[in-house]
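Student: Sequence and predicted structure, then a few things I'm wondering about:
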Amino acid sequence: MKLPVLRSRCRQSQGPETVDLHTQLESILDCVWRAEKMWRLEDRISIALRDERLAGTGTSRRDPKGQMSL
């Protein structure tokens, strides 16, 4: 069964081609995985910036193993 290509911000289709459902699923999963990768990167940057601000005040929220304390 062929369906029209799903259009997304991750991949733009060229023309009125159709692809199978498996290819569409792969494309959707790729978009989700890329978004999650960016969210993790943004989280790490936010934590690093917060730690830098806390280090400037002489306090830290990390335990000796480098993990965040709650």
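Tutor: Sure, I can see it.

Student: Give me the below-cutoff pLDDT ranges for the protein.
Tutor: Residues of the chain meeting the criterion pLDDT under 70: 1-16, 59-70.

Student: all strands for it, in order.
Tutor: Using DSSP state E, the strands of the chain run over 2-4, 18-20.

Student: what lines up beside the last one in the sheet?
Tutor: Read that as strand 18-20. strand 2-4 (antiparallel) (DSSP bridges).

Student: in stretch 21-41, what's buried?
Tutor: Residues of stretch 21-41 classed as buried by neighbour count (16 or more other Cβ atoms under 10 Å): 24, 27. Glycine gets a C-beta too; all of them are placed from N, C-alpha and C.

Student: count of residues packed around residue 51?
Tutor: The number of residues packed near residue 51 is 15, by other Cβ atoms under 10 Å.

Student: Any figure for the gap between it and residue 27?
Tutor: As judged by Cβ to Cβ, to the nearest Å, residue 51 and residue 27 stand 37 Å apart.

Student: cool, and residue 46?
Tutor: Per Cβ to Cβ, residue 46 is found 29 Å from residue 27.

Student: so what's residue 41 up against?
Tutor: Not one residue lies near residue 41 by Cβ atoms under 8 Å, 6 or more residues apart in numbering.

Student: Could you check how many residues crowd around residue 19?
Tutor: The number of residues packed near residue 19 is 15, by other Cβ under 10 Å.

Student: As a check, name the ranges of all helices in the chain.
Tutor: Ranges of helices within the chain are 21-57, based on DSSP state H.

Student: for residue 45, what are its contacts?
Tutor: Counting by Cβ under 8 Å, 6+ apart, residue 45 touches no other residue.

Student: So it versus residue 51, what's the distance?
Tutor: Separation of residue 45 from residue 51 (Cβ to Cβ) stands at 11 Å.

Student: Kindly report the same for residue 24.
Tutor: According to Cβ to Cβ, residue 24 and residue 51 sit 41 Å apart.

Student: got it, and residue 20?
Tutor: As for residue 20, its distance to residue 51 is 47 Å (criterion: Cβ to Cβ).

Student: next one: residue 29
Tutor: Relative to residue 51, and taking Cβ to Cβ, residue 29 is found at 33 Å.
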